[in-house]
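1. curious how this folds, go ahead:
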Amino acid sequence: MLYSFINKLRRDVLKRKKEVYLDRLVQRGLKLGKNVEIIDTFFFDPSHCFLITIGDNTTICPNVRLIAHDASTKKSLGYTKIGKITIGENCFIGDSATILLNVTIGANSIIGAGSVVTKPVPPSSVAAGNPAVVISGTDRYLKKISEYRKSKKVFSKDYYIEKLDEKKRSEILESVADTIGFIV
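-> This next block holds a predicted model:
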């Protein structure tokens, strides 16, 4: 009981800390659209946040880094490169992706986990890798996944980690034995 209270308190403190940090970035010029979901930790270049725009209904997964400057020239040339980062509406930025300066990610795009985006991504594209490259159109990708899902069980919220028992764990493990699975 004490353990769950401490965990809840910890989550509440971290949530508040994130809100304060994000509010400070917005006050300094970060343009944050409506219904932007920022999951867990993130780094939005605090010294150049006014160069960053995130569109409505975008999801930012954990550990995403938006870096609007490049100080590699500072010692040699005496100045740092800076540039805008624009993320369009309805985008999904995967876990641990890094978006660098002078990059626009078009609306309705998906950036794969761990990607390093160094060049613009057209609207309705799926890009992944280091450096990130466009690998598909969003519609084509979502259609492919939807078709594949038809042959698989989609696990409900009853299969979230806090509700898992050995039987449910086994079901998921069996479902993903040789391929991917799905959960809401």
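2. Val103 is in contact with Thr118, isn't it?
-> Yes: between Val103 and Thr118 there is a contact under CB atoms under 8 Å: 6.9 Å. For the C-beta atoms, the positions are set from N, CA and C on the backbone; glycine is no exception.
3. ok, these two, which is more surrounded?
-> It is Val103, of Val103 and Thr118, that has more neighbours when counted by other CB atoms under 10 Å, with 21 against 15.
4. tell me which residues in the lowest-mean-pLDDT helix or strand in the chain are buried?
-> Averaged element by element with mean pLDDT, DSSP states H and E, the chain has its least confident helix or strand at helix 2-27 (a mean of 87). Across helix 2-27, burial judged by 16 or more other CB atoms under 10 Å covers 22, 25.
5. what helices and strands are in contact with it?
-> For helix 2-27, the elements it packs on are strand 31-32, judged by 3 or more CB pairs under 8 Å, 6 or more residues apart in numbering; DSSP states H and E.
6. may I have the distance across stretch 25-44, first residue to last?
-> 8 Å (CA to CA, to the nearest Å).
7. so where is the chain shaky, pLDDT-wise?
-> For the chain, applying pLDDT under 70 flags no range at all.
8. could you pull out the helices for it?
-> 2-27, 74-77, 138-149, 166-175 (DSSP state H).
9. is it possible to get TSV of these that adds distance to Lys157?
-> Shown next, in TSV, are the helices of the chain (distance: least, CB to CB, whole Å):
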stretch	distance to Lys157
helix 2-27	18
helix 74-77	49
helix 138-149	17
helix 166-175	11
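10. and those: which comes nearest Thr59?
-> The closest of those to Thr59 is helix 138-149. By CB to CB, the value is 13.5 Å.
11. show me what the closest one is packed up against.
-> strand 125-129.
12. spit out the contact partners of Val70.
-> No Val there; residue 70 is Asp. By CB atoms under 8 Å, 6 or more residues apart in numbering, Asp70 lies in contact with 80-82, 100-101.
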